[in-house]
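A.B. asks: Sequence below, structure please.
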Amino acid sequence: MNVSKYIINFFKSKKIKNFYVFQGGAIMNVINEIGKDKSLKYLVPHHEQSLSMQVDTSARLDGYSVGMVTSGPGATNILTGVCSAYYDSIPCFFITGQVGQVHIKKNKKYRQLGFQETDVVSIFKSVTKYCKQIKNENEIRYELEKAYNISISGRPGPVLLDIPFNIQKKQVKKLKPFIKKIDKYKNYNFVHEKNEINKLLKKSSKLMFVIGGGIKNTKNQEKIIKFLSSFKIPFALTWTSFDVVDQKNNYYLGCIGKNGHRSANIACEEADIIFTLGQRFAVKNIYGDFGKKAKIVAIDIDDQEIKSNFVKIKRGLNLSIDDFYEKILKNINFSKNLKWIKKITNLKKDQFYINVESNKSIKENLVNPFIFINEISNLISKSYIIHCDIGAHQTWFFQSFNQKKGQKIINHCGHGAMGHSVCSAIAANFLYKNKKNIAFIGDGGFMMNLQELNLINPNNKNIKIIVLNNSSLGNTFLGTLNTFGKTYGNEKKYGYSPPDVKSISKGFNLTYFKIKKNSEILPTFKKFIKFKRSAILDVKISKYQPTAELHQISSTKNLIKIDY
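C.D. replies: Next up, the predicted model:
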């Protein structure tokens with residue numbers, strides 16, 4: 001058996017049957033083995049960047065995913081999606097083809113020897129959990145097993161193997177297996193930690209939990225939410241964990257952070273003890289006076305995440321959320337503070353939704369995105385997979401959307417790459433032919449991977465795209481206008497070219513819908529969502545429409561920050 005065939009058999013042994021590939025001379029041997037196997041499926045996007053984003057999405061939905069590209073630009077083009085997977089802790093595997101070993105430079109100072117030769121390992125080492133170039137064909141079993149094990153162990157993430165062209169064709173003989181290391185939590189003193197936490201709780205009257213995206217890597221996700229609700233413990237989420245709970249849950253206070261919900265932020269300011277589960281203390285999450293009055297107990301499988309520069313952590317537990325729940329949390333009896341619970345109830349009632357002025361304060365009488373997203377959220381059933389891009393529309397979405405239990409939301413959050421949501425919807429449709437997908441994207445992000453619209457069959461009924469179109473790069477347009485009094489490169493007048501969404505839809509043979517004012521939201525959206533083919537909805541929004549942290553006053557040229 002040659003190396004290429006061995007690679008495919010390895011992934012088949014892990015129950016992986018869907019691959020994302022882009023052809024090239026240095027990877028054609030491996031792709032050929034996928035194509036010959038009728039039990040496998042593969043998707044070929046129009047750009048390797050799109051491929052890496054699709055691998056990321058596929059892993060979020062299906063638990064694991066694999067992508068393969070050629071050397072040189074093929075490899076460098078996947079960097080953005082690999083970064084997204086790394087920062088959001090998504091387990092996936094990338095194979096890059098490399099030039100034959102005879103064409104690999106031996107002198108590090110020598111710029112390039114082979115055609116499309118690139119030092120992939122040096123480029124990707126800092127944004128993968130493991131990155132290695134195969135030097136000998138008989139390493140392949142050990143390195144595949146090692147990389148795969150690393151990608152799913154501890155804090156998950158992407159791994160990459162760079163495989164020279166000549167090695168892909170060689171026959172394998174003596175194959176050394178990889179031996180998994182013993183779980184480092186085996187001797188953890190759970191009784192001691194439980195006792196220390198009980199001491200803290202005895203002095204607490206305002207308890208709060210903050211749950212991050214790490215909860216999605218657990219088997220006890222629903223049990224933890226049920227546990228908190230049964231003890232009437234208030235909790236907040238982050239954007240990466242947004243879809244783990246129904247918005248109607250009485251003890252759910254929204255998302256924390258600069259562009260989160262006021263109810264969640266206020267509760268985190270008032271709490272005297274905060275437990276965080278799988279939540280990074282990142283700049284977008286830690287806002288205002290978060291935890292200033294609280295003793296913070298941080299639980300994270302990554303020991304570096306319990307060494308925050310933003311907050312003072314009283315107790316950091318380097319544990320998986322499952323271990324914390326099974327061996328500590330379930331064994332603690334929380335007392336109920338009725339005054340705190342009443343305050344939380346009022347916070348949810350009065351401060352959950354952001355009080356944003358209507359479009360009367362904005363020159364153009366176009367769609368208010370807060371109203372738009374809030375109203376349509378009730379029309380998007382939980383059968384839809386929702387794909388949210390990056391930009392101003394992302395903040396409007398998370399501030400206004402009423403999520404339902406069981407509703408899957410894909411959001412590439414940490415790296416913040418524009419243009420991924422259309423790629424993401426295509427990947428989900430490739431995985432699940434009977435699932436419906438709806439992608440939210442801004443006009444700027446819409447142009448980032450526009451070529452992938454060519455993969456959407458106009459007769460496909462499972463992909464809907466909503467372009468929240470403010471004809472500008474909205475976040476930076478308002479931000480720079482507010483900071484400098486003038487803005488460049490963010491609007492048509494100073495360099496940005498907003499797309500003609502109608503013409504683009506026609507060019508890709510996709511049906512076009514448009515909403516220009518609030519009164520059109522419900523009637524038009526109902527037609528759009530019921531339409532039996534893929535379609536694009538163009539939602540016209542003022543470029544002066546703020547997110548929650550910015551507020552419009554009398555003149556469109558004078559913006560001030562508000563105390564949100």
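
A.B. asks: rest of the way, CA atoms for contacts and neighbours
C.D. replies: Noted.

A.B. asks: Asn107 and Asp119: what is the separation?
C.D. replies: Here Asn107 is placed at a distance of 12 Å from Asp119 (CA to CA, to the nearest Å).

A.B. asks: Settle it for me: which of these two has more neighbours?
C.D. replies: Asp119 (20 against 9; other CA atoms under 10 Å).

A.B. asks: ok, now how distant is that one from Asn318?
C.D. replies: Applying CA to CA, the value for Asp119 to Asn318 is 34 Å.

A.B. asks: next one: Tyr87
C.D. replies: 18 Å.

A.B. asks: Spit out the contact partners of the residue nearest to Pro234 when sequence neighbours are not counted.
C.D. replies: Nearest non-adjacent residue to Pro234, counting by CA to CA, 6 or more residues apart in numbering: Tyr251, 4.5 Å away. Contact analysis of Tyr251 by CA atoms under 8 Å, 6 or more residues apart in numbering lists Ser229, Lys232, Ile233, Pro234, Phe235, Ile344, Thr345.

A.B. asks: Now Tyr251, what are its backbone angles?
C.D. replies: Torsion angles at Tyr251 (phi, psi; degrees, to the nearest 10) stand at phi -110, psi 0.

A.B. asks: all strands in the stretch 201-350 of the chain, in order from the N-terminus.
C.D. replies: All strands of the stretch 201-350 of the chain, identified by DSSP state E, counting those that start in this stretch, fall at 207-211, 235-237, 252-255, 273-277, 295-299, 313-317.

A.B. asks: Packing partners of the helix or strand containing Lys12?
C.D. replies: Secondary structure assignment for Lys12, by DSSP states H and E: helix 3-13. If you count contacts as 3 or more CA pairs under 8 Å, 6 or more residues apart in numbering; DSSP states H and E, helix 3-13 packs onto helix 28-36, helix 140-152, helix 165-168.

A.B. asks: Go again with 7 Å.
C.D. replies: helix 28-36, helix 165-168 (3 or more CA pairs under 7 Å, 6 or more residues apart in numbering; DSSP states H and E).

A.B. asks: Touching it from outside, list them.
C.D. replies: Applying CA atoms under 7 Å, 6 or more residues apart in numbering, the contact partners of helix 3-13 are Asn29, Val30, Glu33, Ile34, Glu137, Ile167, Gln168, Lys169, Lys170, Gln171, Val172.

A.B. asks: What of stretch 57-73?
C.D. replies: By CA under 7 Å, 6+ apart, stretch 57-73 touches 19-27, 52, 55, 75, 90-99, 116-118, 424, 427-428.

A.B. asks: Contact partners for Pro156?
C.D. replies: Ser89, Ile90, Pro91.

A.B. asks: Leu43 and Met28: what is the separation?
C.D. replies: 15 Å.

A.B. asks: coming back round to it: downstream of the helix holding Lys12, the next helix or strand is which one?
C.D. replies: On the C-terminal side of helix 3-13, the closest following helix or strand by DSSP H and E is strand 18-21.

A.B. asks: Counting neighbours, what do you get for the closest residue to Ala535 other than its chain neighbours?
C.D. replies: With sequence-adjacent residues excluded and distances taken as CA to CA, 6+ apart, Ala535 is closest to Thr511, at 4.7 Å. Thr511 has 17 neighbours, counted by other CA under 10 Å.

A.B. asks: Ok, the one 10 residues further on next?
C.D. replies: Ile521 sits with 20 neighbouring residues when counted by other CA under 10 Å.

A.B. asks: tell me the SS of it?
C.D. replies: State at Ile521, reduced to three classes by DSSP: H, G, I helix; E, B strand; the rest coil: helix.

A.B. asks: Now do the same contact list for it.
C.D. replies: Ile521 neighbours (CA under 7 Å, 6+ apart): Phe372, Ile515.

A.B. asks: let's go with 8 Å and repeat that
C.D. replies: Counting by CA under 8 Å, 6+ apart, Ile521 has contacts Phe372, Glu375, Ile376, Ile515.
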